[in-house]
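Q: just to be clear, the model below is a prediction. Sequence and coordinates:
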Amino acid sequence: MAPSVLISAAELQSAVRRLAGEISAAYEDGVVLVAVLKGSIPFMADMLRAMTVVPLVDFMSISSYAPGSGRVRIIKDIDVDVSGRDVVIVEDIVDTGLTLTYLRGELLRRDARSVAACTLLDRTVRRIVPTPVEFVGFTIDDHYVLGYGLDYAERYRNLDRVITGDLAVLQNDPDAYVEILYTG
């Protein structure tokens with residue numbers, strides 16, 4: 001299956017500006033943005049440039065303990081003290097809700113005043129744990145998606161759009177879409 005564009009670059013930028021406006025309006029007194037590495041980087045960078053408030057920015061990296069376990073652990077922790085502050089977790093995609101639920105609980109345990117979530121893509125069809133997502137760019141169906149931070153084997157993150165791809169094709173050849181997406 002050839003890749004196809006799910007969300008164009010123009011649609012992405014429009015959603016990013018909308019979300020930046022929503023977050024800026026909700027947190028006029030300031031906010032801590034915690035981006036979940038690595039996929040959220042392009043989204044976070046574009047959103048920061050569109051915000052009208054000056055947020056504090058930090059990063060977390062999360063990893064599963066074991067495939068299918070539903071358990072996560074912190075690989076890279078934030079440096080900012082969130083005690084008494086409003087926090088928005090920035091994700092590239094919310095899928096099962098397991099990671100987001102864990103992060104929200106962890107930040108609340110650190111005495112954050114509030115913790116909200118912002119995601120570029122919300123794939124609610126795969127949700128295992130019901131978790132609120134206060135700021136959503138797009139709700140998508142159960143597609144395998146790449147681009148704008150989303151990758152397969154560290155490839156395709158730098159695309160300016162979100163595409164759908166075939167996981168079986170990529171598992172066979174991680175570079176299967178490179179030529180068509182980057183040269184043609």
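A: Yep, that arrived. Numbers count the residues shown, from 1 in each chain.

Q: quick check: closest non-adjacent residue to F135.
A: In space, and not counting its chain neighbours, F135 is closest to C118: 3.8 Å by C-beta to C-beta, 6 or more residues apart in numbering. In short, each C-beta sits where N, CA and C put it, glycine included.

Q: mind listing what the helix or strand containing the one you found pairs with, with the direction of each?
A: Using DSSP states H and E, C118 maps to strand 114-122. Taking DSSP bridges as the criterion, strand 114-122 sits next to strand 86-94 (parallel), strand 135-139 (parallel) in its sheet.

Q: got the buried residues for that strand?
A: Residues of strand 114-122 classed as buried: V115, A116, A117, C118, T119, L120, L121, D122 (neighbour count, 16 or more other C-beta atoms under 10 Å).

Q: now swap in stretch 35-44 and tell me
A: Using 16+ other C-beta under 10 Å, the residues of stretch 35-44 that count as buried are A35, V36, G39, S40, I41, P42, F43, M44.

Q: now swap in stretch 174-182 and tell me
A: For stretch 174-182, a neighbour-count test (16+ other C-beta under 10 Å) marks A176, Y177, L181 as buried.

Q: so for the residue nearest the centre of the chain, what's the pLDDT?
A: Nearest to the mean C-alpha position of the chain, counting by C-alpha atoms, centre = their mean, stands D92 at 1.6 Å. Looking at D92, its pLDDT is 96.

Q: then A9?
A: Looking at A9, its pLDDT is 96.

Q: follow-up on the earlier one: save the buried residues of stretch 174-182 as JSON lines, and put in pLDDT, secondary structure and distance to A26 too.
A: JSON lines is the format used below for the buried residues of stretch 174-182 (pLDDT from 0 to 100; DSSP: H, G, I helix; E, B strand; the rest coil; distance: C-beta to C-beta, whole Å):
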{"residue": "A176", "pLDDT": "93", "secondary structure": "coil", "distance to A26": "41"}
{"residue": "Y177", "pLDDT": "93", "secondary structure": "coil", "distance to A26": "37"}
{"residue": "L181", "pLDDT": "89", "secondary structure": "helix", "distance to A26": "36"}
